[in-house]
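Asks: Here's a sequence, model it:
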Amino acid sequence: MKKYNNFVAFLHKSKSFFRFIYVFFILIFSFIYGGIVLVIAFFTYSTIYILNLLFRKLPLNIKKDVKVKTVHYKTTKNKKKLKMDIYYPEKKQEKYPTVLFAHGGGWISGFRRQANNVSWCKYLAVNGFLVCSIDYRLGISNTMDEILEDYEDALKYIKNNNNELKVDKSKINLMGLSAGGHLSFLYAAYHSAMMHEEEMKGIKSLIIYYTPYDLQDIFNKDVKSLFAKFAVLSTMKSMPEANELDYEFYSPKHWMNENLPPVLIAHGKLDDTVPFSSSVKIAKKLKHLNVPYEFLVHKKGGHTFEFYMNDYQTIKIIKRTINFLKRMNK
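Replies: The predicted structure is shown next:
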C-alpha cells in the first residue's frame, strides 16, 4: 500500500513536468500554424479531463440495490427541464434525513449521472440517507446567478414536496464537490449571513469537498489547471481585475458568519485545481467564528482524490464523512 501511495504521489508531482512539455510544444506549433492550435489544444485538454472524470467512482463496493426515482424539479424560462435523481435507503421509513447533492465540473461541465456522482449517492443511501442529486444550468451559456437560482429551486422543491418524496425537512444536509461545493457553501453562507430563517430552516450541516473559499484562489500560483481558470472565466464572464465586486460577491468568504451550520471540509494537499490553501482559510475562518467543523485532509491526494485513490486514508475520509452526517442528524 505504501508503494502504491508513493507512486500516486509521484504521478501528481510529475504532472507539472508533463504539463510543461505539453504547453512548450503547443506554443511551438502555434507559432508555426497559428492560434487555431491553441484552441484545439485547450479543448483537447478539457475533453480528456472531463472524460477522465466520467468513469471514476468511490473505491467502495456497494453491493446493495438502491431504489432511484427521477423527477423534474424545474422548467427554465427557455423551457429546459432540470432533473433530480432521488436515491432511497433500503430500510423503509416514513421520512428520511436527506442530502442535497450538487456535482462538480467547474460550473461549466458535469451532470448528476456521472459514475463518480452516482457512487457517492448510492453510498450515502446505503448508509441511511435519502439523496437528491441535481442537475443545474451550466456556466458556458448561463450566469452564476442562474446556476444559484437552480440550486435554490431544487432545495425549495424537496421542502415543498417533502411528504411525497419522504424527505425529513427538519434534517437536510447540503453536500457538494468542487463547484457543487461552492454552490452549497455560498447558499448556506449567504442566507445565514442575511438571517433568512426560511431558507436555512432544517439545514443541519454542510459537506464541502475541495471547494474554493475565494473565486480568485483559482488564479493563484498553486493552480496549474487551465480548465479551472477557463471554467471560472466562462461562468463569471470576466477576469477578476475587471470585476472585483462580482468575484467578491460570489465568493463564500464574503458571507461567512457565526450562524453557519456545522461544516465538514475535505481536501487533498496536492490539489492543483482548487488549492488546498482555500480549505485551510475556510477552517481558520470557521474556527474564528466558533462554527463547529471537521477538516479532513488527504496528504497525498489531488483534486477529486476519492475517485482515483484506493488507500486507507481515502476510505477513512469517506467513512468519517458518513459518521459526521449521522452525528448531525441524530
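Asks: any idea how far Phe219 is from Pro212?
Replies: Per CB to CB, to the nearest Å, Pro212 is found 11 Å from Phe219. C-beta here means a position set from N, CA and C on the backbone, and glycine is covered the same way.
Asks: all strands of the stretch 201-330 of the chain, in order?
Replies: Secondary structure of the stretch 201-330 of the chain (DSSP state E, counting those that start in this stretch): strands located at 203-209, 263-268, 293-298.
Asks: Of these, which is nearest Val118?
Replies: Of all those, it is strand 203-209 that lies closest to Val118, at 15.7 Å by CB to CB.
Asks: Centre of the chain to the closest one, how far?
Replies: If you compare the mean C-alpha spot of strand 203-209 with that of the full chain, they lie 11 Å apart, counting by CA atoms, centre = their mean, to the nearest Å.
Asks: Could you please name the strands it pairs with and the direction of each pair?
Replies: In the sheet containing strand 203-209, the strands it pairs with under DSSP bridges are strand 167-177 (parallel), strand 263-268 (parallel).
Asks: Out of these, indicate the one that is most buried.
Replies: Across the strands paired with strand 203-209, the average number of neighbours (mean count of other CB atoms under 10 Å) peaks for strand 263-268, which reaches a mean of 26.
Asks: So what angle separates the directions of it and strand 293-298?
Replies: Here strand 263-268 runs at an angle of 10 degrees relative to strand 293-298 (axes from the mean of the first three to the mean of the last three CA atoms, to 10 degrees).
Asks: Pro212 and Phe219 - which one has more neighbours?
Replies: When Pro212 and Phe219 are compared on other CB atoms under 10 Å, the one with more neighbours turns out to be Pro212, at 29 against 17.
Asks: sorry, back to before: any chance of the strands paired with strand 203-209 in TSV with mean pLDDT and distance to Asp65 as columns?
Replies: TSV is the format used below for those (pLDDT from 0 to 100; distance: least, CB to CB, whole Å):
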stretch	mean pLDDT	distance to Asp65
strand 167-177	98	21
strand 263-268	98	27
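Asks: nearest to Asp311, of those?
Replies: Asp311 lies closest to strand 263-268 among the strands paired with strand 203-209, at 11.6 Å (CB to CB).
Asks: Show residues contacting that closest one.
Replies: Outside strand 263-268, the residues that touch it by CB atoms under 8 Å, 6 or more residues apart in numbering are 205-211, 274, 276, 278-279, 282-283, 286, 291-298, 300-303, 305-306, 317, 321, 324.
Asks: Can you flag the buried ones in these?
Replies: In the contacts of strand 263-268, burial by neighbour count holds for 205-211, 274, 276, 278-279, 282-283, 286, 291, 293-298, 300-303, 305-306, 317, 321, 324, counting by 16 or more other CB atoms under 10 Å.
Asks: Where does pLDDT dip in the stretch 51-200 of the chain?
Replies: Applying pLDDT under 70 to the stretch 51-200 of the chain picks out residues 51-55.
Asks: which residues in it form strands?
Replies: Residue ranges of the strands in the stretch 51-200 of the chain, as given by DSSP E, counting those that start in this stretch, are 67-75, 81-88, 96-102, 130-134, 167-177.
Asks: Quick one: the helices in the stretch 51-200 of the chain, in order.
Replies: When secondary structure is read from DSSP state H, counting those that start in this stretch, the stretch 51-200 of the chain shows helices at 115-126, 144-160, 162-165, 179-193, 197-200.
Asks: looking at these, which is buried most?
Replies: In terms of average neighbour count - mean count of other CB under 10 Å - the standout among the helices of the stretch 51-200 of the chain is helix 179-193, at a mean of 25.
Asks: Dump the C-alpha coordinates for it into CSV.
Replies: Coordinates of each C-alpha in helix 179-193 appear next as CSV, following Å, rounded to 0.1, in the frame of the first residue of the first chain:
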residue,chain,number,x,y,z
ALA,A,179,-18.0,23.7,-8.0
GLY,A,180,-21.0,21.9,-6.4
GLY,A,181,-19.4,22.5,-3.0
HIS,A,182,-19.2,26.2,-3.9
LEU,A,183,-22.9,26.3,-4.6
SER,A,184,-23.7,24.6,-1.3
PHE,A,185,-21.3,26.7,0.6
LEU,A,186,-22.4,30.0,-0.9
TYR,A,187,-26.1,29.2,-0.4
ALA,A,188,-25.5,28.5,3.3
ALA,A,189,-23.2,31.4,3.9
TYR,A,190,-25.3,34.0,2.1
HIS,A,191,-28.7,33.0,3.7
SER,A,192,-27.3,32.6,7.2
ALA,A,193,-25.5,35.9,6.9
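Asks: can I see the domain layout of this protein?
Replies: Per the TED database, the domain ranges recorded for the chain read 1-55, 60-329.
Asks: How confident was the prediction at Phe42?
Replies: Note on Phe42: pLDDT of 56.
Asks: what's the closest of the helices of the stretch 51-200 of the chain to Asn259?
Replies: Comparing the helices of the stretch 51-200 of the chain by their distance to Asn259 (CB to CB), the top pick is helix 179-193, with 4.0 Å.
Asks: could you give the angle of that closest one to strand 167-177?
Replies: For helix 179-193 against strand 167-177, the angle between stretch directions is 120 degrees (the same axes, to 10 degrees).
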